[in-house]
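Participant: I would like the atomic coordinates for the input below:
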Amino acid sequence: MKFRSTIVICVLAAIGVLAAALIERYVPRDAKRRSGEPVRLMEVGELPIDDVNRIRLALDGEPARIYEREGDVWRQTEPFPHPMDPFSMRELVSTAAGVLVLDEVEVDLLRPATLGFAPPKAILELTWPDGKMTFTLGRVAIAGRAYLQREGDKGVYVVDQALHDRATGMNEREWRDRRLFHDIGVESERIEVRVADIDAVLVRRRKKWGMESPVRARVDQAALDDLFSVLGRASASGFIIDQPESLGKFGLEPPAGTIAVFTPQEGSDEGPGLPGMSMQRLRLGGRIGVGTQDRFGMMEGRPVVLRLAANVWPRLVPDPATLIEPTATGVEPADVKRIRITTKRDQIDLERDLERWRAPSHGGVEVPSEIVRELLSFLHELRATRVKLVPYPHEYEKATITLYGSGNHPLDTVRIVREPESEGSRWGAENGDDALRVYPAELEIPLEPQAFGLPR
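Facilitator: Numbers count the residues shown, from 1 in each chain. The predicted structure follows:
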């Protein structure tokens with residue numbers, strides 16, 4: 001019995017829901033309005049929210065603002081370009097689609113100025129590929145009511161204030177995307193950081209990143225990924241002023257520094273000397289005031305002075321040394337066929353013989369393969385504890401290690417130095433890029449003949 005009762009209750013509930021839906025659909029909106037019940041101005045789907053790709057909003061006494069969507073990206077195009085927050089733009093359209101009508105009055109009974117239509121508070125125009133809808137917003141009345149006209153309709157609607165609040169009551173700056181950089185990372189090909197005494201340039205060629213300034217060196221991929229992550233997350237904490245007459249008082253002309261990211265873009269001719277690249281460049285300005293480390297900033301192409309929080313902008317300016325690959329060489333051990341170790345007293349030649357290593361410089365005798373692997377592991381895999389951008393200390397040089405492939409042209413040459421005991425005896429390695437990789441003093445590097453079981 002209990003099971004049968006449950007079935008009956010479920011059937012009755014379903015019938016009730018269906019009946020409510022039918023009443024909602026077929027009871028005239030005028031009848032609902034006469035009963036005092038608010039009704040939607042539009043049927044569901046009459047305004048295709050997800051298809052709208054252009055918004056024009058003209059507020060009384062202000063230049064019209066135009067927003068356009070391409071794919072999922074919204075941008076303000078007038079009165080100046082600026083990326084917009086997609087959620088905020090969709091909310092504006094969604095709010096327009098959900099306007100509730102509380103009453104309606106005939107147009108010939110109106111006094112346009114009295115109801116706020118001469119001039120209107122705002123005109124909102126929504127466009128999609130095969131249609132357009134325009135709303136004229138009048139004044140806000142008491143008891144949560146406001147006046148609205150829709151192009152093509154005869155009367156004036158008394159509506160809820162939701163659309164008025166969003167279109168005329170909100171600061172449109174809150175709709176902006178606060179992120180500084182957009183769509184950077186995988187496809188980007190150049191980064192320039194020029195702040196104070198830092199002048200770093202990173203360039204990607206053939207899918208590999210390298211540093212061009214202040215030294216020419218390999219780039220640590222993990223550190224580069226972190227930098228892109230920081231740049232991609234960096235946001236302004238506020239908007240100070242739009243289209244300022246002068247940038248000088250904000251320390252932006254000339255700027256205290258710049259950070260630029262270049263990304264290939266078809267048809268783009270932006271970027272000095274970099275055709276085919278789109279450029280996003282942040283200008284760093286002066287401090288906002290006494291007692292704060294926050295700074296002014298501006299993205300080129302967006303005439304808006306930004307506020308950059310003190311905990312944001314320093315992370316955008318990395319020490320170039322932290323971006324350099326901290327291994328002594330980028331040559332893969334599998335590609336090495338010969339090794340030459342040169343010290344002040346000795347020269348050791350090592351040559352791969354299948355899985356074994358021999359020393360042609362010492363009669364071709366076989367040397368322990370594990371010692372050679374240990375040397376190659378140090379060169380290619382061991383990460384330095386620190387990278388220093390200093391002139392090479394020739395006076396501390398202990399050896400040079402030259403790596404060869406199958407030909408006679410060297411793949412790389414690594415210079416090994418060691419501090420005197422009075423300075424800590426730390427090891428250092430450099431391969432011609434003026435980036436000294438520093439290793440602990442307790443490290444043992446096989447450089448002498450006896451380390452390979454060879455006579456001196």
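
Participant: Please name the residues that touch G364.
Facilitator: The contact partners of G364, taken as C-beta atoms under 8 Å, 6 or more residues apart in numbering, are R358. Any C-beta I mention is one placed from the backbone N, CA and C, and that applies to glycine too.

Participant: Do you know the pLDDT at it?
Facilitator: The pLDDT attached to G364 in the predicted structure is 93.

Participant: now the one 5 residues further on
Facilitator: At S369, the model reports a pLDDT of 95.

Participant: Pretty sure it sits against R356.
Facilitator: Yes. Counting by C-beta atoms under 8 Å, S369 touches R356, with 6.1 Å between them.

Participant: what residue is smack in the middle of the chain?
Facilitator: By C-alpha atoms, centre = their mean, the chain has its centre lying nearest to G232, at 2.0 Å.

Participant: Now do the closest residue in space to P63 that isn't next to it in sequence: how many residues are near it, please.
Facilitator: Residue nearest to P63 in three dimensions, not counting chain neighbours: P79, with 4.6 Å by C-beta to C-beta, 6 or more residues apart in numbering. P79 has 14 neighbours, counted by other C-beta atoms under 10 Å.

Participant: So P79 is in contact with A58, correct?
Facilitator: No. Using C-beta under 8 Å as the test, P79 is too far from A58 to be in contact (11.2 Å).

Participant: can you list residues touching both of these two?
Facilitator: A64, R65.

Participant: can you give me the helices for this structure?
Facilitator: For the chain, the helices defined by DSSP state H cover 2-26, 29-34, 86-97, 162-164, 221-233, 369-380.

Participant: out of everything not next to it in sequence, what's closest to R345?
Facilitator: R456 (7.7 Å).

Participant: Distance-wise, check the nearest residue to E151 once chain neighbours are set aside relative to A58.
Facilitator: Excluding the flanking residues, the one nearest E151 by C-beta to C-beta, 6+ apart is T134, at 4.0 Å. Using C-beta to C-beta, to the nearest Å, T134 is found at 10 Å from A58.

Participant: of those two, who's got more company?
Facilitator: Taking neighbours as other C-beta under 10 Å, T134 and A58 compare with A58 leading, 17 against 14.

Participant: Can you give me the pLDDT of the more buried one?
Facilitator: 96.

Participant: ok, T402 touching P410?
Facilitator: Yes. Contact status for T402 versus P410: in contact at 5.0 Å, counting by C-beta under 8 Å.

Participant: between the two, which one's more packed in?
Facilitator: The neighbour comparison of T402 against P410 (other C-beta under 10 Å) goes to T402, with 16 against 13.

Participant: who does the more buried one bridge with?
Facilitator: R340, T413 (DSSP bridges).

Participant: Output the below-cut-off pLDDT ranges for the stretch 251-400 of the chain.
Facilitator: 266-275 (pLDDT under 70).

Participant: same thing with the stretch 101-250 of the chain?
Facilitator: Ranges of the stretch 101-250 of the chain meeting pLDDT under 70: 107-111.

Participant: Where do the strands of it begin and end?
Facilitator: 122-128, 131-140, 145-150, 156-160, 190-195, 198-205, 208-213, 217-218, 238-242 (DSSP state E, counting those that start in this stretch).

Participant: again, but for the stretch 351-456 of the chain
Facilitator: Ranges of strands in the stretch 351-456 of the chain, per DSSP E, counting those that start in this stretch, are 356-359, 365-367, 386-388, 397-404, 410-418, 427-430, 436-439.

Participant: and those strands, which is most packed in?
Facilitator: strand 427-430 (a mean of 23; mean count of other C-beta atoms under 10 Å).

Participant: Mind giving me the packing neighbours of it?
Facilitator: The contact analysis (3 or more C-beta pairs under 8 Å, 6 or more residues apart in numbering; DSSP states H and E) places strand 427-430 against strand 410-418, strand 436-439.

Participant: can I get the CA coordinates of it in CSV?
Facilitator: Extracted in CSV, the C-alpha atoms of strand 427-430 (Å, rounded to 0.1, in the frame of the first residue of the first chain):
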residue,chain,number,x,y,z
TRP,A,427,82.9,25.3,-7.7
GLY,A,428,81.7,27.2,-10.7
ALA,A,429,80.9,26.4,-14.3
GLU,A,430,80.5,28.7,-17.3
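
Participant: Sheet partners, orientation included, of that strand?
Facilitator: Applying DSSP bridges, strand 427-430 is found paired with strand 410-418 (antiparallel), strand 436-439 (antiparallel).

Participant: same question for it, mean pLDDT?
Facilitator: On average, strand 427-430 scores 97.

Participant: Give me the residues contacting that strand.
Facilitator: Contacts for strand 427-430 (C-beta under 8 Å, 6+ apart): 328, 379, 384, 392-393, 396, 414-419, 436-441, 443, 445.

Participant: again with stretch 80-91
Facilitator: By C-beta under 8 Å, 6+ apart, stretch 80-91 touches 49-50, 55, 67, 69, 72-76, 166, 174-179, 182, 242-243, 301-304.

Participant: Can you list the buried residues in that stretch?
Facilitator: By 16 or more other C-beta atoms under 10 Å, the buried positions in stretch 80-91 come out as H82, P83, M84, S88, M89.

Participant: Can you add distance to F452 and pLDDT and give the residues you listed back as JSON lines?
Facilitator: Compiled in JSON lines, these are given as follows (distance: C-beta to C-beta, whole Å; pLDDT from 0 to 100):
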{"residue": "H82", "distance to F452": "65", "pLDDT": "97"}
{"residue": "P83", "distance to F452": "61", "pLDDT": "97"}
{"residue": "M84", "distance to F452": "66", "pLDDT": "97"}
{"residue": "S88", "distance to F452": "68", "pLDDT": "97"}
{"residue": "M89", "distance to F452": "69", "pLDDT": "97"}
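
Participant: Enumerate every residue touching R176.
Facilitator: Listed by C-beta under 8 Å, 6+ apart, the contact partners of R176 are Q76, H82, P83, M84, D85, F239.

Participant: A260 versus that one, what's the distance?
Facilitator: 21 Å.

Participant: for S425, same thing?
Facilitator: 42 Å.

Participant: E366 too?
Facilitator: From E366 to A260 the distance is 55 Å (C-beta to C-beta).

Participant: per the record, what domains does this structure have?
Facilitator: Listed domain ranges for the chain are 1-37, 46-175, 190-323, 333-452 (source: automatic domain parsing).
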